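My questions are about this predicted structure, shown below with the sequence.
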Amino acid sequence: MAFDSLSDKLQNIFKNLRRKGRLTEQDVRDALKEVKLALLEADVSFKVVKTFMKGVQEKAVGQDVMNGLNPGQMVIKIVSTELTDLMGSETTEIALRPTQEVTVLMMMGLQGAGKTTTAAKLAAKLKAKGRTPLLAACDIYRPAAIRQLQIDGEKVQVPVFERGTQIKPPQIAREAVAYAREHGFNVVLLDTAGRLQVDEDMMEELRQIKETVTVDQSVLVVDSMTGQDAVNVASAFEEKIGIDGVILTKLDGDTRGGAALSIKATTAKPILYAGMGEKLSDLEQFYPDRMASRILGMGDVMTLIEKAQQNVDEEKAKQMEQRLKKASFGFDDYLESMAQMKKMGGMSSVLSMMPGVNGSQLSQLEGQIDEKAMGRTEAIILSMTPQERANPDVLNMARKNRIAKGAGVDISEVNKLVRQFDQARKMMKQYGGMLSGKSKKRIGGIGGLKLPF
């Protein structure tokens, strides 16, 4: 995640504070100096860091903290609260008109920020909330921009309005809004053109679009990997066009996270969503408190539960639970659990939201997760007949040899998988009667999620 390095540093600082028990004012001041350095190294704006540290220091060296039973924990709580405030304090939704009216969203940003893909991701989010979105291709300059929007639109099943490359973008915007009114769409997302850098031609075109149609929300898409440049871009757009909110892309990448921690404080505009991957489903609502919790190594269990609830079929989860109780599960259940994990972003995504897992620990855990081995496991199971998957007891040597050839693996890998499966089944037989109440929660998953055994 973007904050891995910052997260590791802050967790080490606070670990040392907790070890000391009682703290002196000098202990706190020394720790806060390290916090300040960590934030600057994360590419957070100097002015933002200065203001942030002033707020933290005033609270952290107060009598209530210093004379408290656990001053180290109090300091961490203060930093967490200030981090949350820095990123916006409250979650902000995109303001939409009533469903019988048309809301116009103008998507803006530089080339390479992921604006077109983000427009499709946002359209999919709005569709899931019951809206009927229409994507409008207003980028007539970049080669294949219209086609890219059409492909992404097809993937999320959202129509794309386009008029080719000869009509000017303000006219395309006007016609798109008219088309939406005539055909029952209540959100229009204008995918405008980007440039390699902020220039007057770009700004003038955006101004003309806003003069031609009523834009309800101007949404800026910025690449979080550009650090302070992203903040400068946001400031320029706010000054020249006006923005209502920001979507940060590539927040799952190897970036220091300074943009996320600086944009709200610099522009006074909220971060609406965060792009956490390349898939069109990888757009998350931005929760400042949850992000602060992740940065400080406290995990993000709420988002994990929500992901499980969104991606796990409740009925299938109940059926699997019953089979686990009776130890009557087969290899199809294994495949189902792997599919559920993939829907949630994979094992790495789940681990990144667990409390106490920092960046370096996550890297070590990821190193232990052999994605290729999981792929081979899937190939082995898919090489079995439906009867073999449902009833593994029928697997004799001849069948195992056939499965190994079909999966393109050595017979030893098939034997290993069958042994692991048998051990899991024996364990479930032993503990099947305990799968109720608190015991079920210990052995089961999160929000109905059943992990691969």
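Happy to help now that I have it. Numbers count the residues shown, from 1 in each chain.

Could you use CA atoms for every contact and neighbour count after this?
OK.

so what's A193 up against?
With contacts defined as CA atoms under 8 Å, 6 or more residues apart in numbering, A193 is in contact with 108-109, 111, 138-142, 202.

among these, which ones are buried?
By neighbour count, with 16 or more other CA atoms under 10 Å, those hold 108-109, 111, 138-140, 202 as buried.

Which of these fall in strands?
108, 138 (DSSP state E).

Would you reformat the buried ones among the contacts of A193 as TSV and include pLDDT and distance to E175?
Converted to TSV, the buried ones among the contacts of A193 look like this (pLDDT from 0 to 100; distance: CA to CA, whole Å):
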residue	pLDDT	distance to E175
M108	95	19
G109	92	22
Q111	88	24
C138	96	11
D139	94	15
I140	94	15
M202	90	20
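
Return the closest of the buried ones among the contacts of A193 with respect to V49.
G109 (25.7 Å; CA to CA).

Using PDB, write out the CA atom coordinates for the longest helix belonging to the chain.
The residue-count maximum for a helix in the chain (DSSP state H) belongs to helix 411-431. The C-alpha trace of helix 411-431 is given here as PDB (Å, rounded to 0.1, in the frame of the first residue of the first chain):
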ATOM      1  CA  ILE A 411       2.000 -36.900  -9.200                       C
ATOM      2  CA  SER A 412       3.700 -35.800  -5.900                       C
ATOM      3  CA  GLU A 413       1.800 -32.400  -6.100                       C
ATOM      4  CA  VAL A 414      -1.500 -34.300  -6.500                       C
ATOM      5  CA  ASN A 415      -0.700 -36.600  -3.500                       C
ATOM      6  CA  LYS A 416       0.300 -33.600  -1.400                       C
ATOM      7  CA  LEU A 417      -3.000 -31.800  -2.100                       C
ATOM      8  CA  VAL A 418      -5.000 -34.900  -1.300                       C
ATOM      9  CA  ARG A 419      -3.100 -35.400   2.000                       C
ATOM     10  CA  GLN A 420      -3.700 -31.700   3.000                       C
ATOM     11  CA  PHE A 421      -7.400 -32.200   2.200                       C
ATOM     12  CA  ASP A 422      -7.600 -35.400   4.300                       C
ATOM     13  CA  GLN A 423      -6.000 -33.600   7.200                       C
ATOM     14  CA  ALA A 424      -8.400 -30.700   6.900                       C
ATOM     15  CA  ARG A 425     -11.400 -33.100   6.800                       C
ATOM     16  CA  LYS A 426     -10.100 -35.000   9.900                       C
ATOM     17  CA  MET A 427      -9.700 -31.700  11.800                       C
ATOM     18  CA  MET A 428     -13.200 -30.600  10.900                       C
ATOM     19  CA  LYS A 429     -14.600 -34.000  12.000                       C
ATOM     20  CA  GLN A 430     -12.800 -33.500  15.300                       C
ATOM     21  CA  TYR A 431     -14.100 -30.000  15.800                       C
END
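
Give the other helices and strands that it contacts.
Under the contact definition 3 or more CA pairs under 8 Å, 6 or more residues apart in numbering; DSSP states H and E, helix 411-431 sits against helix 314-326, helix 397-407.

Next secondary structure after the longest one?
In other words, helix 314-326. Next along the chain after helix 314-326, taking DSSP states H and E as the criterion, comes helix 331-343.

Quick check: buried residues in that following helix?
Buried, per 16+ other CA under 10 Å, within helix 331-343: 331-341.

same thing with stretch 408-425?
In stretch 408-425, counting by 16+ other CA under 10 Å, buried: 409, 411, 413-415, 418, 421, 424-425.

Pull the distance from it to the chain's centre.
34 Å (CA atoms, centre = their mean, to the nearest Å).

Report the spatially nearest residue to A145, omitting neighbours in sequence.
Using CA to CA, 6 or more residues apart in numbering and skipping residues adjacent in sequence, the residue nearest A145 is D139, 6.4 Å away.

follow-up on the earlier one: can you tell me which of the helices and strands packed on helix 411-431 has the worst average pLDDT?
In terms of mean pLDDT, the lowest-scoring of the helices and strands packed on helix 411-431 is helix 314-326 (a mean of 59).

Could I get the contacting residues of V160?
134-137, 149-150, 153 are the contacts of V160 under CA under 8 Å, 6+ apart.

Which of those residues fall in strands?
Taking DSSP E, the ones among the contacts of V160 that sit in strands are 134-137.

Quick check: the gap between the residue sitting furthest away from the middle of the chain and D199.
Here the chain reaches farthest from its C-alpha mean at A398, the gap being 45.4 Å by CA atoms, centre = their mean. Per CA to CA, to the nearest Å, A398 is found 69 Å from D199.

could you give the mean pLDDT of the helix or strand where G72 lies?
Following DSSP H and E, one finds G72 within helix 71-86. Throughout helix 71-86, pLDDT has a mean value of 83.

What lies in contact with that helix?
14, 17-18, 21-23, 52, 55-56, 59-60, 65, 261-262, 264-265, 288-289, 291-293, 296.

can you do 6 Å?
17-18, 60, 65, 288-289, 292 (CA atoms under 6 Å, 6 or more residues apart in numbering).

sorry, back to before: let me have the contacts of V160 in JSON lines, adding pLDDT as columns.
Below are these laid out as JSON lines (pLDDT from 0 to 100):
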{"residue": "L134", "pLDDT": "98"}
{"residue": "L135", "pLDDT": "98"}
{"residue": "A136", "pLDDT": "97"}
{"residue": "A137", "pLDDT": "97"}
{"residue": "L149", "pLDDT": "96"}
{"residue": "Q150", "pLDDT": "96"}
{"residue": "G153", "pLDDT": "96"}
